[in-house]
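**Student:** missing the sequence, but the structure's below:
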């Protein structure tokens, strides 16, 4: 049996500040959460060790080296030439990949995978259709 769960990256209380990922695991969410609470014990880092606030948008070289040493950075893995001291600014996809690799490192039987994001059409659209119609922003005043 497989299980699915949502993994939000960003402030999940404010949808405009959050990217949602759907993941699949071979164990229930309770086991995924238990693995999460053991990440620091196993890796020496947590997902909050980097990119944890609006002013913390990068991974320092020292933390990146540890992520690479533990094989926790998703493909394609960045190369760090000798003497490289610039931080890395991960995408939300890369950050999510790191979190999933951390969870699988703690409990390989979780076998978590990030499911592809469905490319679904959106009800509203830019411009006008062939009949000159348009669908405005829905609920614009709700999310500001």
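**Tutor:** Structure's in. What do you need? Because the structure is predicted, anything quoted here is derived from the model rather than measured.
**Student:** show me where this protein has helices.
**Tutor:** With DSSP state H as the criterion, the chain has helices at 29-37, 39-43, 61-69, 92-106.
**Student:** quick one: residue 19 and residue 10 touch, right?
**Tutor:** Yes. If you go by C-beta atoms under 8 Å, residue 19 and residue 10 touch, sitting 5.8 Å apart. Heads up, the C-betas are built off the backbone N, CA and C, glycines and all.
**Student:** who are the neighbours in contact with the residue positioned nearest the centre of the chain?
**Tutor:** Taking C-alpha atoms, centre = their mean, the centroid of the chain lies closest to residue 96, which sits 2.4 Å from it. Applying C-beta atoms under 8 Å, 6 or more residues apart in numbering to residue 96 gives the contacts 7, 9, 19, 21, 114.
**Student:** Switch the helices of the chain over to JSON lines, and while doing so, append mean pLDDT to every line.
**Tutor:** Converted to JSON lines, the helices of the chain look like this (pLDDT from 0 to 100):
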{"stretch": "helix 29-37", "mean pLDDT": "96"}
{"stretch": "helix 39-43", "mean pLDDT": "97"}
{"stretch": "helix 61-69", "mean pLDDT": "90"}
{"stretch": "helix 92-106", "mean pLDDT": "95"}
